[in-house]
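# following is a predicted model, sequence given first.
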Amino acid sequence: MAEDETIDVVLIGGGIMSATLGTLLHALQPDWSIRIYERLGGVALESSNPWNNAGTGHAALCELNYTPEKADGSIDISSAVKVNEQFQVSREFWATLAEHARLPREAVFINSTPHMTFVRGSEHIDFLRRRWEALTDHPLFADMEYSEDPKVIHDWAPLLMLGRDRYEPVAATRAEAGTDVDFGALTNALIDSLLDDGAELHLNTEVSGLKRLPDGAWRVRSRHSVGLDRHEVKARFVFVGAGGWALKLLQKAGIPEAKGYGLFPISGQWLRSDDPAIVAQHRAKVYGKASLGAPPMSVPHLDTRIVDGKASLLFGPYAGLSPRFLKRGNILDLPLSVRPHNLIPMLAVAKDNFALVQYLVRELTKSKKAKFASLQEFYPDADPSDWYPLSAGQRAQVIKKDAKKGGVLQFGTEVVGGADGTIAGLLGASPGASTAAAIMLDVLGRSFPALMPGWQPELQRLIPTYGSLLSDDPRNARRVQAATAKALGLTA
């Protein structure tokens with residue numbers, strides 16, 4: 001098992017993060033060799049798969065967890081603005097690729113789908129109204145609509161109101177510029193383009209070891225799942241975009257920056273309907289208010305999902321407990337990730353998030369009838385015969401050290417990189433895929449600081465607003481949003 005070749009860039013994991021970083025690096029350094037390792041038989045089969053992830057095109061237009069209420073009753077929109085800015089970066093990047101034929105015309109991965117938030121009861125209505133008022137003062141959210149009129153809400157999304165008590169107080173917001181994104185189709189298109197330009201893809205190949213060499217490069221050890229052949233390659237730069245397994249590989253690499261991190265895995269399930277008569281009455285992504293103790297990725301939503309040109313509806317996700325870090329992971333993933341340096345943070349999170357554990361246990365023990373009742377809170381006329389269960393993807397939330405609490409559970413993504421810039425990995429989940437371009441720009445800045453000045457002209461070609469915020473120039477924001485919508489074939 002000799003080390004027989006040197007690769008400039010090794011990407012571990014065949015999902016949207018590796019596809020995005022590979023595309024950026026190929027544009028910036030077309031002479032660099034790129035190899036992708038994927039342990040499954042195809043790319044985008046885990047969190048990037050359209051039936052595993054939320055597919056929302058997260059822009060904080062409808063997700064309430066990005067706009068928490070402060071102690072004084074005001075609404076904090078800072079996270080919403082940050083997520084929206086990051087999604088605009090992704091849209092600009094995709095638009096440039098589409099305009100320059102780096103994404104094939106037949107790769108339909110994004111569709112106009114209004115984003116809505118729907119609530120019931122006076123307390124939640126009051127919150128939603130204040131949230132709308134706070135957001136619409138910002139240029140990125142100025143077009144958001146609000147209504148407490150059942151007739152208006154019926155016009156926006158008929159299923160929400162069919163069979164509902166007409167005297168029940170309800171409210172909704174709608175952002176017509178929302179999108180549905182098939183990250184599986186996008187990932188495949190990006191990787192196909194890389195392969196056409198000389199990159200290599202090794203499927204059914206699991207990276208089993210990472211070892212730093214004296215010259216600062218990495219020995220990447222892999223094995224093929226079919227023939228069990230083992231192989232080693234020398235890599236000048238390694239990116240670990242392997243979802244929940246990224247922590248395992250960063251731990252194997254032994255970089256001190258990965259110490260103290262742990263993961264809290266959460267599984268899920270959807271209810272899905274493909275009935276054309278039902279699907280035709282709901283062209284929207286509608287988020288609601290989370291149950292007490294629910295993690296953000298378990299906020300209930302009734303989603304239009306468009307895969308291979310066909311629309312379906314998903315409701316959920318119903319959260320559950322699983323020790324696996326990936327949907328097709330190992331039942332020992334969680335216990336084998338425990339190290340002396342992350343034991344205290346993980347125990348602290350277990351102690352401080354007892355309500356979350358209780359919620360997950362309640363979800364696991366819910367009957368089919370009780371689960372369906374959650375759907376009927378959104379769609380009162382729902383018929384069980386029109387829906388069937390579908391397993392969702394696995395989410396592994398970041399646990400990290402905290403000086404005061406010992407450890408905290410972080411709902412978001414975290415870039416973990418070696419100090420010398422030769423290795424980086426990504427931990428966490430939502431908004432994840434939707435903000436892939438912005439996150440990978442962060443990886444570039446951390447890993448290749450000396451090259452960034454020379455790369456700036458190409459980065460600004462790929463992402464015209466690179467280095468600035470749309471929020472700073474409302475007129476330019478509207479122009480950029482209109483241009484990206486046109487390039488991506490969107491109606492809004």
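On my side now, so go ahead. Residues are numbered from 1 along each chain as shown.

# C-alpha from now on. contacts and neighbour counts both.
Will do.

# would you verify that Ala482 is located in a helix?
Yes: judged by DSSP: H, G, I helix; E, B strand; the rest coil, Ala482 forms part of a helix.

# got phi/psi on Ile16?
phi -60, psi -30 (degrees, to the nearest 10).

# without its sequence neighbours, what residue ends up closest to it?
Once flanking residues are discounted, Ile16 sits nearest to Thr187: 5.1 Å by Cα to Cα, 6 or more residues apart in numbering.

# element containing the one you found?
Taking DSSP states H and E as the criterion, Thr187 maps to helix 183-196.

# in that helix, what's buried?
Within helix 183-196, the residues scored as buried using 16 or more other Cα atoms under 10 Å are Phe183, Gly184, Ala185, Leu186, Thr187, Asn188, Ala189, Leu190, Ile191, Asp192, Ser193, Leu194.

# tell me which helix or strand comes right after it.
Later in the chain than helix 183-196, the nearest helix or strand by DSSP H and E is strand 200-202.

# mean confidence for that following strand?
Rounded to a whole number, the mean pLDDT of strand 200-202 is 97.

# again, but for stretch 95-107
For stretch 95-107, the mean per-residue pLDDT is 79.

# double-check Arg321 against Pro265; I have them as touching.
Slight slip there: residue 321 is Leu, not Arg. Yes: at 7.1 Å, Leu321 and Pro265 qualify as touching, with contact defined as Cα atoms under 8 Å.

# who has more neighbours out of these two?
Legend: neighbour count by other Cα atoms under 10 Å for Leu321 and Pro265, higher for Pro265 (21 against 16).

# doesn't the more buried one fall inside a strand?
Yes: judged by three-state DSSP, Pro265 forms part of a strand.

# distance of it from Arg395?
The gap separating Pro265 from Arg395 is 6 Å, by Cα to Cα, to the nearest Å.

# what touches both of these two?
With contacts taken as Cα atoms under 8 Å, 6 or more residues apart in numbering, the residues that reach both Pro265 and Arg395 are Phe325.

# below-threshold pLDDT in the stretch 201-350 of the chain: ranges please.
In the predicted model, the stretch 201-350 of the chain carries pLDDT under 70 at residues 291-298.

# what about the strands in it?
Assigned by DSSP state E, counting those that start in this stretch, the strands in the stretch 201-350 of the chain fall at 205-212, 218-224, 230-240, 262-273, 285-287, 301-307, 310-321.

# quick one: strands adjacent to the fifth one?
When sheet partners are counted by DSSP bridges, strand 285-287 sits next to strand 115-120 (parallel), strand 301-307 (antiparallel).

# ok, and for the first one, which residues are buried?
This means strand 115-120. Those would be His115, Met116, Thr117, Phe118, Val119, Arg120, for strand 115-120 by 16+ other Cα under 10 Å.

# ok, now which ones touch the residue nearest the centre of the chain?
Centroid-nearest residue in the chain: Gly432, 2.8 Å away (criterion: Cα atoms, centre = their mean). Applying Cα under 8 Å, 6+ apart to Gly432 gives the contacts Gly412, Thr413.

# can you do 7 Å?
Gly432 is in contact with Thr413, counting by Cα atoms under 7 Å, 6 or more residues apart in numbering.

# related to what we said a few turns ago, quick check: the two most widely separated of the buried residues of helix 183-196?
The span of those, defined through Cα to Cα, is set by Phe183 and Leu194 at 16.3 Å.

# need the helices for the chain, in chain order.
Listed in chain order, the helices of the chain (DSSP state H) span 16-28, 78-99, 122-136, 150-156, 183-196, 246-253, 276-279, 333-337, 340-352, 354-365, 368-378, 436-447, 452-462, 474-487.

# worst average pLDDT in these?
Note on the helices of the chain: helix 354-365 shows the lowest mean pLDDT, a mean of 72.

# which strands or helices does that one pack on?
Packing contacts for helix 354-365, counted by 3 or more Cα pairs under 7 Å, 6 or more residues apart in numbering; DSSP states H and E, involve strand 310-321.

# and the strand it packs on with strand 262-273, angle?
Orientation of strand 310-321 against strand 262-273 (axes from the mean of the first three to the mean of the last three Cα atoms, to 10 degrees) gives an angle of 140 degrees.
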